[in-house]
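Novice: using only what follows, build the 3D model:
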Amino acid sequence: MNRFIQQGAKFTSNFKQYLKLPNHNAGSYFHDIQLRNFENISNKNIVNMVVEVPRWSNAKFEISKSIPLNPIVQDTKKGKLRFVNNIFPYHGYIHNYGAIPQTWEDPTLAIASMDNLKGDNDPLDMCEIGNTGILSTGDIVQVKVLGSLALIDDGELDWKIIGINIKDPLANVVNDLNDVAENFPGLLAATKTWFRDYKIPSGKPKNKFFGDYKNVDETIQVIENCHKAWQALINNYDIIDYTDKPWINNSTNNTGFNDIQDTRLPDAPIDPSINTWCYLK
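Specialist: Sure thing, here's the model as predicted:
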């Protein structure tokens, strides 16, 4: 059975991938997946991750905030589909990359302890670093939280949570960033370099960070704060006039959207130039 409902072809502007619920209706990747599964509800270290971009791929897929039921789509910029460049020696995204459901980085809240930075209006980003393989767009996996990096992207706070699939062979021995450094030497430095530089080939300056990596306890607090922000968004959606607020339609409030049909098409070809290397000085 397909785990999702797809419309259109991947690598086109018409592509939409919806979460398929147990009743076969379409659901929201943003709102209908719990932050934590019931069996781990009291374990703050383990959260769910929605995979958007598989490791070593270039197409920038993301959960849509503006389309009802929040399907995964390919991001666009100036009318063109977005692909990240290959920055030598990295190919595409260096980790399985995605979002933590039921979290939201509030763009209206200035964080005094972080130079009044505001959130980027998205769910929290997750980088899954394990060796369980290349995951697929739309996969939902449980991930152990290991730390985080506070990226500043176009003046907005854009947290990058670092975690490992709980099914990874090393998940039982990797519990924090010290263990990451021991078992994945060079990975933390490479991750920071990649996020600093990945927009340079498109004419952007280097990204900056607010400080260095945060530990597990600090990262869990970030997740809890963003989960509370998501709850406030849901509860106050019709009261507070958020700018560009996300669409909150979900499986319990999806009148008129249960007739979404699967109209998938074969993947569209990707421009071969996407596979070229970019060398940075």
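Novice: quick one: the strands in the stretch 151-281 of the chain?
Specialist: Assignment of strands within the stretch 151-281 of the chain using DSSP state E, counting those that start in this stretch yields the ranges 156-165, 208-209, 263-264, 277-278.
Novice: closest to residue 247 out of those?
Specialist: Closest approach to residue 247 among these (CB to CB): strand 156-165, 19.7 Å. All C-beta atoms are positioned from the backbone trio N, CA, C, and that covers glycine.
Novice: what packs against the closest one?
Specialist: Helices and strands touching strand 156-165, as assessed by 3 or more CB pairs under 8 Å, 6 or more residues apart in numbering; DSSP states H and E, comprise strand 124-128, strand 140-153, helix 187-197, helix 216-235.
Novice: comparing those, which comes out most buried?
Specialist: Stretch with highest mean neighbour count among these: strand 124-128 (a mean of 26; mean count of other CB atoms under 10 Å).
Novice: touching it from outside, list them.
Specialist: Contacts with strand 124-128, where a contact means CB atoms under 8 Å, 6 or more residues apart in numbering, come from 47, 49, 51, 95-100, 103, 105, 135, 141, 143, 158-165, 191, 222-223, 226.
Novice: before we move on, what about stretch 259-272?
Specialist: 2, 5-12, 18, 25-26, 58-59, 69, 83.
Novice: of those residues, grab the buried ones for ChimeraX.
Specialist: The buried residues among the contacts of stretch 259-272 can be selected in ChimeraX (16 or more other CB atoms under 10 Å) with this line:
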select :5,6,7,8,9,10,11,18,25,26,58,59,69,83
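Novice: next step: the contacts of stretch 259-272 restricted to helices.
Specialist: Here DSSP state H is the test, and the contacts of stretch 259-272 give no hits in helices at all.
Novice: tell me which of the contacts of stretch 259-272 fall in strands.
Specialist: Among the contacts of stretch 259-272, the ones falling in strands (DSSP state E) are 5, 6, 7, 8, 18, 26.
Novice: tell me the two of those that are most distant?
Specialist: 8 and 26 (14.3 Å).
Novice: picking that back up, which one in the contacts of stretch 259-272 is the model shakiest on?
Specialist: Ranked by pLDDT, these bottom out at residue 2, which has 69.
Novice: per-residue confidence at the closest residue to residue 153 other than its chain neighbours?
Specialist: Among residues not flanking residue 153 along the chain, residue 207 sits closest, at 5.9 Å (CB to CB, 6 or more residues apart in numbering). On pLDDT, residue 207 comes in at 95.
Novice: per-residue pLDDT of the nearest residue to residue 72 once chain neighbours are set aside, please?
Specialist: Distances taken as CB to CB, 6+ apart put residue 17 closest to residue 72, at 4.3 Å, once the chain neighbours are dropped. In this model, residue 17 is scored at 98, pLDDT.
Novice: I figured residue 17 was touching residue 5, is that so?
Specialist: Yes. Assessed by CB atoms under 8 Å, residue 17 is found in contact with residue 5 at 7.4 Å.
Novice: what's stretch 62-80 in contact with?
Specialist: Contacts of stretch 62-80 (CB under 8 Å, 6+ apart): 7, 10-13, 15-19, 26-31, 50, 52, 59-61, 81-82, 99, 121-123, 137-138, 244, 246-247, 249-250, 254, 257, 260.
Novice: who's in contact with residue 93?
Specialist: So residue 93 contacts 53, 54, 55, 56, 57, 58, 84 (CB under 8 Å, 6+ apart).
Novice: mind doing that once more with 10 Å?
Specialist: The neighbourhood of residue 93, defined by CB atoms under 10 Å, 6 or more residues apart in numbering, consists of 52-60, 84, 127, 194, 198.
Novice: before we move on, what about residue 205?
Specialist: Here residue 205 is in contact with 196, 199 (CB under 10 Å, 6+ apart).
Novice: the one 10 residues further on too?
Specialist: Residue 215 is in contact with 146, 147, 148, 176, 177, 178, counting by CB under 10 Å, 6+ apart.
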